[in-house]
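Novice: No sequence on hand, only this structure:
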């Protein structure tokens, strides 16, 4: 027999944990299921300086605080990967990898997004052997070595800054002529003597014998080879919504469509955070989505 909750939240990042806090304060029973790490992608950020009320805080600490707050309000949390979601009349049935099943009257999807790969031949062979998507997680392995960061958003710039503190050199590769990330981060990188920029450049291939050794570039319409010890890829994310596509309407990129109340096309199913179709994806907008989705879910339950 499956355990039953008022609201089940799939995903334990800022959106999901904020939703849990709001739902519990409204008196609803809540379960949060997270497959990887509570706190979500923000835990990879070495320093967060744009979250209201926190002048500077590590992403890991922010994630810990969000989890502690939700649990202090009485939310239940489990490390479980959700593998199925279906609606049976007025109830949702959630299946997990372990075989456990949970029932809820409302569900909030806060599944976030996973790092986008480059799509190159042989790329998968080097993931964990020279290619990484998390400078916070893996940067220490490259102390005193030569690395590259691929991307032009704030995440790529933050990765390059962090790596420049311990690596011998950091090459920042961006396919455009200007960065999309924060100007303050660009200025900070320009002040680092061990950082160089390759603009209007793409990576066409990767190579090495067992571990990554070189990047083959398309730079200013001229091929070039860059010997390298490690590559940190920061070119965006892909939403994890396909397992729930039968209950959602997805845009061309796989993000879930919803109204301003975060309600999807399925009554009782809400979506919050980076997996939702919207123009801005920041930790603040994820938290905002979480509060909106939770309150909307509570209103939905109260009207049943």
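Specialist: Now that the structure is in, tell me what you want to look at. All values derive from a computational prediction rather than experimental measurement.
Novice: sec struct for the residue nearest in space to the middle of the chain, please.
Specialist: By CA atoms, centre = their mean, the mean C-alpha position of the chain lies nearest to residue 41, the distance being 4.1 Å. What DSSP: H, G, I helix; E, B strand; the rest coil gives for residue 41 is helix.
Novice: Contact partners for it?
Specialist: By CB atoms under 8 Å, 6 or more residues apart in numbering, the contact set of residue 41 is 13, 112, 113, 237, 274. For every residue, glycine as well, the C-beta is placed using N, CA and C.
Novice: Go through these and say which is closest to residue 169.
Specialist: residue 237 (26.9 Å; CB to CB).
Novice: so that closest one sits right up against residue 116, yeah?
Specialist: Yes: contact criterion CB atoms under 8 Å: residue 237 and residue 116 qualify, at 5.7 Å.
Novice: For these two, indicate the residue with more neighbours.
Specialist: Comparing residue 237 with residue 116 by other CB atoms under 10 Å, the one with more neighbours is residue 237, at 18 against 14.
Novice: Distance of residue 263 relative to residue 103?
Specialist: Distance, residue 263 to residue 103, by CB to CB, to the nearest Å: 20 Å.
Novice: now do residue 219
Specialist: With distances taken as CB to CB, residue 219 is found 55 Å from residue 103.
Novice: ditto for residue 171
Specialist: Distance, residue 171 to residue 103, using CB to CB: 52 Å.
Novice: higher neighbour count, these two?
Specialist: residue 171 (22 against 15).
Novice: Helix or strand: which one has that one?
Specialist: strand 169-173 (DSSP states H and E).
Novice: Pull out the buried positions in the helix or strand that that strand is followed by.
Specialist: Later in the chain than strand 169-173, the nearest helix or strand by DSSP H and E is helix 183-190. Residues 185, 186, 188, 189 are the ones in helix 183-190 that count as buried (16 or more other CB atoms under 10 Å).
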